[in-house]
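Enquirer: quick one: sequence plus predicted model below, questions after.
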Amino acid sequence: MRMAPLNTIAFIVENRPGVLFKVSNMFRRRGYNIESISVGPLMDRSLARMTVTIEADGRVLRNLIEQLRGMVEVLRVKHLNPRRTVVREMALVKLNTADPMAREEALRLVNSHHGLILDIDEDHIVAEITGSPGEIDSFLREAESIGIVELSRTGATALEKGELKL
């Protein structure tokens with residue numbers, strides 16, 4: 001059960017060694033767990049975009065954003081409004097399909113979630129599922145009955161809709 005709402009913060013940072021550590025350490029020092037994080041270089045490879053998802057109420061969220069703005073390596077930071085933001089995650093899921101019925105169910109489930117089959121052998125299927133964090137959660141709940149052997153899930157990545165930008 002969540003104690004505070006889940007919030008998404010996006011920021012532009014210098015793309016150099018140690019920046020991810022400094023940012024994550026700032027959250028750690030204040031006692032906040034990062035629920036998800038994704039980071040990657042921009043077209044200008046000297047910069048990177050980070051997307052962090054955390055549980056925080058309004059006051060705490062404002063404080064964390066101010067702390068981020070105070071970091072030399074952070075060039076821009078913004079709390080993303082969920083109603084005006086597209087958020088996506090990707091999960092790679094290995095399912096146990098040794099039983100023919102399980103294989104059939106796994107293929108149906110992956111298809112119903114618009115997933116991709118990346119690998120298939122005698123006993124396993126590796127699927128890629130992309131969607132909102134809730135859609136990924138839904139797939140995983142349904143896949144539990146088939147048998148999840150292994151899971152790798154990215155952090156959320158997000159962009160604001162329309163003309164809005166970071």
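Expert: Yes, it's here.
Enquirer: so where's this structure uncertain?
Expert: Across the chain, the stretches falling below the confidence threshold (pLDDT under 70) are 1-2.
Enquirer: for this structure, just list every one of the strands.
Expert: With strands called from DSSP state E, the chain shows them at 6-14, 34-41, 47-55, 74-80, 85-96, 116-120, 124-131, 148-153, 157-160.
Enquirer: what's the shortest one packed up against?
Expert: Using 3 or more C-beta pairs under 8 Å, 6 or more residues apart in numbering; DSSP states H and E as the contact criterion, the secondary-structure elements in contact with strand 157-160 are strand 85-96. Every C-beta, even on glycine, is put in place using the N, C-alpha and C of the backbone.
Enquirer: contact partners of stretch 55-74?
Expert: Applying C-beta atoms under 8 Å, 6 or more residues apart in numbering, the contact partners of stretch 55-74 are 2-7, 9, 11-14, 16, 19, 22-23, 26-27, 30, 32-33, 35, 54, 77, 79.
Enquirer: just the buried ones among the residues you listed, please.
Expert: A residue is treated as buried here by neighbour count (16 or more other C-beta atoms under 10 Å); on that basis the buried members of the contacts of stretch 55-74 are 7, 9, 11-13, 19, 23, 26-27, 32, 35, 54, 77, 79.
Enquirer: distance to Ser46 added to the residues you listed, as JSON lines?
Expert: As requested, the buried ones among the contacts of stretch 55-74 are arranged in JSON lines below (distance: C-beta to C-beta, whole Å):
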{"residue": "Asn7", "distance to Ser46": "28"}
{"residue": "Ile9", "distance to Ser46": "21"}
{"residue": "Phe11", "distance to Ser46": "15"}
{"residue": "Ile12", "distance to Ser46": "11"}
{"residue": "Val13", "distance to Ser46": "10"}
{"residue": "Val19", "distance to Ser46": "11"}
{"residue": "Val23", "distance to Ser46": "17"}
{"residue": "Met26", "distance to Ser46": "21"}
{"residue": "Phe27", "distance to Ser46": "24"}
{"residue": "Tyr32", "distance to Ser46": "28"}
{"residue": "Glu35", "distance to Ser46": "28"}
{"residue": "Ile54", "distance to Ser46": "26"}
{"residue": "Val77", "distance to Ser46": "18"}
{"residue": "His79", "distance to Ser46": "25"}
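Enquirer: just the closest of the residues you listed to Ile125, please.
Expert: Nearest to Ile125 among the buried ones among the contacts of stretch 55-74 is Glu35, at 27.7 Å by C-beta to C-beta.
Enquirer: surely the closest one touches Val87?
Expert: No. In this structure, Glu35 is not within contact of Val87 by C-beta atoms under 8 Å, at 12.0 Å.
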